[in-house]
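In: Need a 3D model of the following:
(chains A, B, C, D, E, F, G and H)
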There are 8 protein chains.
Amino acid sequence: MTLNVYLSGEIHTDWREQIVQGAADLDVSFSAPVTDHDASDDCGVAILGAEADKFWHDRKGAQMNAIRTRKGIEDADIVVVRFGDQYKQWNAAFDAGYAAALGKSLITLHGEQHNHPLKEVDAAALAVAETPGQVVQILEYVLTGKLP
Amino acid sequence: MTLNVYLSGEIHTDWREQIVQGAADLDVSFSAPVTDHDASDDCGVAILGAEADKFWHDRKGAQMNAIRTRKGIEDADIVVVRFGDQYKQWNAAFDAGYAAALGKSLITLHGEQHNHPLKEVDAAALAVAETPGQVVQILEYVLTGKLP
Amino acid sequence: MTLNVYLSGEIHTDWREQIVQGAADLDVSFSAPVTDHDASDDCGVAILGAEADKFWHDRKGAQMNAIRTRKGIEDADIVVVRFGDQYKQWNAAFDAGYAAALGKSLITLHGEQHNHPLKEVDAAALAVAETPGQVVQILEYVLTGKLP
Amino acid sequence: MTLNVYLSGEIHTDWREQIVQGAADLDVSFSAPVTDHDASDDCGVAILGAEADKFWHDRKGAQMNAIRTRKGIEDADIVVVRFGDQYKQWNAAFDAGYAAALGKSLITLHGEQHNHPLKEVDAAALAVAETPGQVVQILEYVLTGKLP
Amino acid sequence: MTLNVYLSGEIHTDWREQIVQGAADLDVSFSAPVTDHDASDDCGVAILGAEADKFWHDRKGAQMNAIRTRKGIEDADIVVVRFGDQYKQWNAAFDAGYAAALGKSLITLHGEQHNHPLKEVDAAALAVAETPGQVVQILEYVLTGKLP
Amino acid sequence: MTLNVYLSGEIHTDWREQIVQGAADLDVSFSAPVTDHDASDDCGVAILGAEADKFWHDRKGAQMNAIRTRKGIEDADIVVVRFGDQYKQWNAAFDAGYAAALGKSLITLHGEQHNHPLKEVDAAALAVAETPGQVVQILEYVLTGKLP
Amino acid sequence: MTLNVYLSGEIHTDWREQIVQGAADLDVSFSAPVTDHDASDDCGVAILGAEADKFWHDRKGAQMNAIRTRKGIEDADIVVVRFGDQYKQWNAAFDAGYAAALGKSLITLHGEQHNHPLKEVDAAALAVAETPGQVVQILEYVLTGKLP
Amino acid sequence: MTLNVYLSGEIHTDWREQIVQGAADLDVSFSAPVTDHDASDDCGVAILGAEADKFWHDRKGAQMNAIRTRKGIEDADIVVVRFGDQYKQWNAAFDAGYAAALGKSLITLHGEQHNHPLKEVDAAALAVAETPGQVVQILEYVLTGKLP
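Out: Numbers count the residues shown, from 1 in each chain, chains lettered A, B, ... in the order given. You can find the predicted model right below:
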């Protein structure tokens, strides 16, 4: 059994690396969005031509990123969604809703201070973790039955 | 043709009332979450018994509200998602993702200042409105072909 | 908004009547299996001819009842599954799994003493009630936003 | 042709080992839930933190196990569900209903004494076996056309 | 509860009339293919123009009839498929397979002499009836729980 | 039986009126895109604000029209797609592909001169008509079994 | 591109061997039902125990065979259904309907004398072949673009 | 992550070769229709026998090509649809609609002069490219996050 895991959300800390390294010995295949903030923001206009209006600049980029995001979520068995302390992160919550509607197993990853505003998202999740290490332990348990 | 429209998101301003009143003469059937903040927060424990831990207090409520939310979104032709200026509003973005994955026609409603953080959500929408009046005009146009 | 509610499970107490009567003023359409135990057991052979072997006697009946059960679950927004104190009630758990896989909103109804053996079923439910009155309160809240 | 087979249900006898060993020469890929009873019960709190209330202790574990169960059932061509002589085994019946709703080929495995209470579950199955050896023979026949 | 029932198969005896009349007091909505043999065979060319080649004459008609057949089957809760004593009746078996794949409740209706060649079709059915009267009794039982 | 019919394609001749009038006595519910060319082109900017770039002017309008088109096609039993003699009409072929992928019964309506370039579209259709009158006759036959 | 092809229908001539041998150099993966008539008829009772009643003897076998048939059809890109000159072959037509409802590409294979009774089945097919050699040529063309 | 990309549309220029060569170092698996115009037009009659009527000549070919087209689109993550300057190209727009309804990521590829007539198709696309090189850059970005 190989688990396909999509790592959605926050791109400003190294939580993805922690999970990928922690799960290095497990039969897991990870995917994720492009995490280079500038590339992610500008991909649309960089490839398809500049836009005078920031709204359409953003649209072109967001739709190009959606090609990768949809592929990642649709191929996943598990979608981990990380909420950090900064920014609105509506795209993370959007991914969580998208994954939930497709029946994916959802794991949320966030600090306790976000419990209340994330209650609807957590209510659709099969696990609510606070640390990347817990996500690794979940993946290990799901694959091998071994507890930490 | 009757349009089923679910009104998701912000519960602290009267945008729903503006849309419902503006569309009073149209063949639209509206649904929405429970918008009484306290009832929405406490429904789970009020009916099913108190919880010592706020996390499970929230879980019970969020899952009970999900019964209504899912019914509303799944029955809808159009899901309007409103983002206001306060709070995290991750549940609104979650609903948008859920609706998008089900192939619903999505209309977002928010001020220009949120354009950038909402770019992924807007990129999944068929219309991005700034005022409730615009949403009414869209509903009128979709149903009757009449422009304002 | 009309809620379609299927009432699955135990047929030896009056929990269905309590819910139907309690929800008499609500916009709910209820359905349920045939609750006459003898008719339910014997319908297959009564209509399609006797069987020498009890196994096929049961098969004929169970498949005929499945016509009604599937229709009820597939048309439902909410499936309430009641576990009583007697019998194996595997059909109730089967209905719960069937409903969960179809994405129906699941409400379980059982005494606290069954919490542990029902943990997997409860984990797929949006509400775990102990009394028919609580189910009525949930339906009322979901439809009207009113708490008891 | 490789058959993906999920082995659901009873965890206190060696029926899984019998099937896996019996089918060692066949092109079958087996999966199963975690069968270590204690790990299965405690996984949620062991990884995500203790719960004062046994109900939520169980919930955390059941949801974590659901990540594995869903993956196993959704990837399966055939779901074998074993009912033993002890315990309520509602999770087994739940898995059977879940698998049936997804259109999986269902094989039940149980003693004759459970025929009547399992009649609804058996009615959704394509084969009702009494011994692990019969399940192996079915897998062999389905793959190779060879009868015992 | 209204049952939508599609009556597929043999068009040379009055079995449909017997069922419709027998179920006159039940909440059932029936649909069926066009049962005028000549109209059914010639509809394509009568409306869309003659064909020199009988194969395409038949194709045009069969596709036009498929508009009605698909609508009937897709809207149905129950598909009754009648096999009579004459003709190949491959279209009836095709409808049965189509209905089975869509998860419809299938009832077959045929004489005992066809049991063996229809075993695969019967194996996908929830009831195998020999007379139209039995089908009526099934419908009555499913709707009302009353046995004959 | 009510047939829901969506009338897609050419907006510069009165073919829709001919069909609607011809089918006035039939149990058919018609829907269609907005057929006012100017309104259809400008709806996006008229409601949501002007665009400097024609490409985004068009995008806004096309997405707003998609709300109506999708609703119409998804609710339809039959999608009639008309190809006239002018313009590229790629939107008509797009609707045909969309409808085909959803399993809708497709009827194409076009002159013989377009047979070759429309061969892939016609190959997905259940009827290929040349006149609106033929479409009416098909609807009448499908509903009533009556031939002209 | 690998094509998965399921070969359904007649089991008394060597048409499958002709196709498999003819396509030996192509990237095709074939599957098929068990074609040993006696094994196919008796598999159910041979493994799961004898039945006094031929009807249930047949049922047990047909359901066991359905495990293989469904897997074959659901995994297939193309379903070839062969109708020979003998027997009722309702199972072949059933498979064709099942495949059509799942959106599989259907190829029928039969003599001209069956054109009329198979018109509804052929109308759902993308190709109607008369010889196994033609089926091989279709597979070669679909994979390589090469015509005979 | 391997991307499956179907290249639909124009067959008279070398845009497919440009994309395939440009993406030679990327983890992309390409598929496409048969691009030999004569083979594509005549495949049906070449294999299954001549037709007197050009309409059925075309039908036979279009349906045979549909076997390949559907397989390509259904297996694809991304469908690129190219519109050139010649011919009606309704089959390209049909493929775009088909892909959109299946939720595939759509990329259109056409000159600016077609922006207006393709506005409905472009509105369903996640990227609108003008050159094959841009498509290659999109594929590279989606797979690796690298911008040109």
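In: And chain D, is the host helix or strand of A:Val81 touching that?
Out: Using DSSP states H and E, A:Val81 sits within strand A:78-82. Yes - using C-beta under 8 Å from any C-beta of the partner chain, strand A:78-82 reaches chain D at A:Ile78. Bear in mind the C-beta positions are built from the backbone N, C-alpha and C, glycine included.
In: Tell me which strands that strand pairs with, and in which orientation.
Out: If you go by DSSP bridges, strand A:78-82 pairs up with strand A:3-9 (parallel), strand A:105-109 (parallel).
In: Contacts made by the helix or strand following it with the rest, please.
Out: Using DSSP H and E, the helix or strand that follows strand A:78-82 in sequence is helix A:90-101. If you take C-beta atoms under 8 Å, 6 or more residues apart in numbering or on different chains as the criterion, helix A:90-101 is touched by A:6, A:8-10, A:69, A:73, A:76, A:79, A:81-83, A:106, A:108, A:121, A:124-125, B:83, B:89-102, B:117-121, B:124.
In: coming back round to it: which of the strands paired with strand A:78-82 sits most buried?
Out: Ranked by mean neighbour count under mean count of other C-beta atoms under 10 Å in any protein chain shown, the strands paired with strand A:78-82 are led by strand A:105-109, which reaches a mean of 26.
In: to the chain's geometric centre, what's the distance from that strand?
Out: In this view, strand A:105-109 has its centroid 9 Å away from the chain centroid, taken as C-alpha atoms, centre = their mean, to the nearest Å.
In: tell me the angle of that strand relative to helix A:90-101?
Out: Relative orientation of strand A:105-109 and helix A:90-101, computed by axes from the mean of the first three to the mean of the last three C-alpha atoms, to 10 degrees: 150 degrees.
In: So for strand A:105-109, mean pLDDT?
Out: Here strand A:105-109 scores 98 as its mean pLDDT.
In: picking that back up, so which of the strands paired with strand A:78-82 gets nearest B:Leu147?
Out: Closest approach to B:Leu147 among those (C-beta to C-beta): strand A:3-9, 39.1 Å.
In: what's the average pLDDT for the closest one?
Out: Regarding strand A:3-9, the rounded mean pLDDT is 98.
In: Ok, stretch A:54-67 next?
Out: The average pLDDT within stretch A:54-67 is 98.
In: same deal with stretch A:24-41?
Out: Average pLDDT, stretch A:24-41: 98.
In: Please work out which residues outside it touch it.
Out: Under the criterion C-beta under 8 Å, 6+ apart, residues A:1-8, A:11-12, A:16, A:19-20, A:23, A:43, A:46, A:58, A:61, A:65, A:68-69, A:71-72, A:75-76, A:139-140, A:143-144, H:1, H:141, H:145-147 lie in contact with stretch A:24-41.
In: Ok, stretch A:53-72 next?
Out: Contacts to stretch A:53-72, defined as C-beta under 8 Å, 6+ apart, come from residues A:6, A:8, A:31-34, A:40-45, A:47-48, A:50-51, A:95, B:115-116, B:119-120, B:122-124, F:51-53, F:56, H:1, H:3, H:77-78, H:103, H:105, H:107, H:126-127, H:138, H:141-142.
In: which of those are buried?
Out: Buried residues within these, counting neighbours by 16 or more other C-beta atoms under 10 Å in any protein chain shown: A:6, A:8, A:31-34, A:40-45, A:47-48, A:51, A:95, B:115, B:119-120, B:122-124, F:51, F:56, H:1, H:3, H:77-78, H:105, H:107, H:126-127, H:138, H:141-142.
In: For A:Asp41, see how far away the residue of chain A found nearest chain H is.
Out: Minimum separation of chain A from chain H (C-beta to the nearest C-beta) falls at A:Val34, amounting to 3.9 Å. Here A:Val34 is placed at a distance of 10 Å from A:Asp41 (C-beta to C-beta, to the nearest Å).
In: and if you look at A:Gly97?
Out: Going from A:Gly97 to A:Asp41 by C-beta to C-beta gives 22 Å.
In: And the helices in chain A?
Out: According to DSSP state H, chain A carries its helices in the segments A:15-22, A:37-48, A:54-75, A:90-101, A:119-122, A:132-144.
In: what angle separates the fourth one from helix A:54-75?
Out: Spelled out, it's helix A:90-101. Angle of helix A:90-101 versus helix A:54-75, following the same axes, to 10 degrees, is 30 degrees.
In: what about dumping the CA coordinates of helix A:90-101 to PDB?
Out: What follows is helix A:90-101, C-alpha atoms only, in PDB (Å, rounded to 0.1, in the frame of the first residue of the first chain):
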ATOM      1  CA  TRP A  90      -8.300  31.200   2.300                       C
ATOM      2  CA  ASN A  91      -6.700  29.000  -0.400                       C
ATOM      3  CA  ALA A  92      -5.900  26.400   2.300                       C
ATOM      4  CA  ALA A  93      -9.500  26.400   3.600                       C
ATOM      5  CA  PHE A  94     -10.700  26.200  -0.100                       C
ATOM      6  CA  ASP A  95      -8.500  23.200  -0.700                       C
ATOM      7  CA  ALA A  96      -9.800  21.500   2.500                       C
ATOM      8  CA  GLY A  97     -13.400  22.000   1.300                       C
ATOM      9  CA  TYR A  98     -12.500  20.700  -2.200                       C
ATOM     10  CA  ALA A  99     -10.800  17.700  -0.700                       C
ATOM     11  CA  ALA A 100     -13.700  17.000   1.700                       C
ATOM     12  CA  ALA A 101     -16.300  17.100  -1.100                       C
END
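In: returning to what we had before: for the strand holding A:Val81, the distance to its chain's centre please.
Out: Distance of strand A:78-82 from the chain centroid (C-alpha atoms, centre = their mean) equals 5 Å.
In: Kindly report the same for stretch A:133-147.
Out: For stretch A:133-147, the separation from the chain centroid amounts to 18 Å (computed by C-alpha atoms, centre = their mean).
In: Could you confirm whether it reaches chain C?
Out: No - counting by C-beta under 8 Å from any C-beta, chain C has no neighbours in stretch A:133-147; the shortest distance is 14.8 Å.
In: Understood, closing this out.
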